[in-house]
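> fold the following, please.
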Amino acid sequence: MKGEVRLRSYTQDPAEIAAYGPLQDETGAKLIEIEHVRVTPKAVIARVKGVTTREGAEALNGTKLYLARAALPAREEGEWYVADLIGLDAVDTSGAPLGTVVGVHNFGAGDLVEVAPANGGETLLVPFTEAAVPEVDIENGRLVLVPPEELDED
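Reported below is the predicted structural model:
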């Protein structure tokens with residue numbers, strides 16, 4: 001339909017993106033209200049309030065949409081938002097610094113924590129499993145990693 005846009009939704013249920021209320025662009029200056037969502041096998045298709053033409057929809061191409069943190073549901077035990085993990089200190093089981101979390105990725109086989117080593121060099125991808133990351137302590141700004149062999153060899 002004219003004026004619909006394709007979205008990449010990072011919500012647990014992609015169709016729930018509309019339930020959070022208005023979204024905003026990176027600057028916070030533009031509010032985007034989603035009126036209707038339908039999920040297809042290839043994309044989330046949304047009708048945006050005030051967008052009724054193809055040109056209007058195309059004007060939104062590449063726009064990154066954000067949600068106010070306060071609108072997010074509370075975290076359950078053992079769950080974290082990616083934004084909470086980025087910037088955490090990564091320490092080994094004895095508390096020695098290993099580096100800093102710079103990203104969380106999923107390439108289809110499970111979540112990976114990307115750590116920039118404290119001593120520099122290339123970042124490392126560590127499986128975000130209980131065995132490799134036995135503790136996440138958001139309040140104290142750290143997570144415990146069982147060091148991969150690459151770090152043990154230094």
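
> now what about stretch 81-92, what contacts it?
Stretch 81-92 is touched from outside by 69, 72, 75, 97-104, 113, 115, 136, 138, 141-147, 151, with contacts defined as C-beta atoms under 8 Å, 6 or more residues apart in numbering. From N, CA and C alone the C-beta is placed, and that goes for glycine too.

> buried subset of those residues as a ChimeraX selection?
Buried residues within those, by 16 or more other C-beta atoms under 10 Å, are selected in ChimeraX with:
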select :98,99,100,101,104,113,115,136,142,143,144,145,146,147,151
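
> separation between the most centrally placed residue in the chain and Ala46?
Closest to where the C-alpha atoms of the chain average out (C-alpha atoms, centre = their mean) is Val82, at 4.5 Å. Taking C-beta to C-beta, to the nearest Å as the measure, Val82 falls 22 Å from Ala46.

> same question, Leu125
32 Å.

> cool, and Phe107?
Using C-beta to C-beta, Phe107 is found at 26 Å from Ala46.

> same check, this time on Asp84
On the measure of C-beta to C-beta, Asp84 and Ala46 end up 27 Å apart.

> do Glu76 as well
From Glu76 to Ala46 the distance is 27 Å (C-beta to C-beta).

> when these two are compared, which one has more neighbours?
Ala46 (26 against 7; other C-beta atoms under 10 Å).

> element containing that one, please.
Under DSSP states H and E, the secondary-structure element containing Ala46 is strand 44-48.

> what's that strand packed up against?
Contacts defined by 3 or more C-beta pairs under 8 Å, 6 or more residues apart in numbering; DSSP states H and E place strand 44-48 against strand 4-7, strand 34-39.

> what domains does the record give for this protein?
Listed by automatic domain parsing, the domain ranges of the chain are 4-71, 82-148.

> could you dump the ones you listed into JSON lines and include mean pLDDT?
Supplementary listing: the domains of the chain in JSON lines, determined by pLDDT from 0 to 100:
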{"stretch": "domain 4-71", "mean pLDDT": "89"}
{"stretch": "domain 82-148", "mean pLDDT": "92"}
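
> lovely, talk soon.
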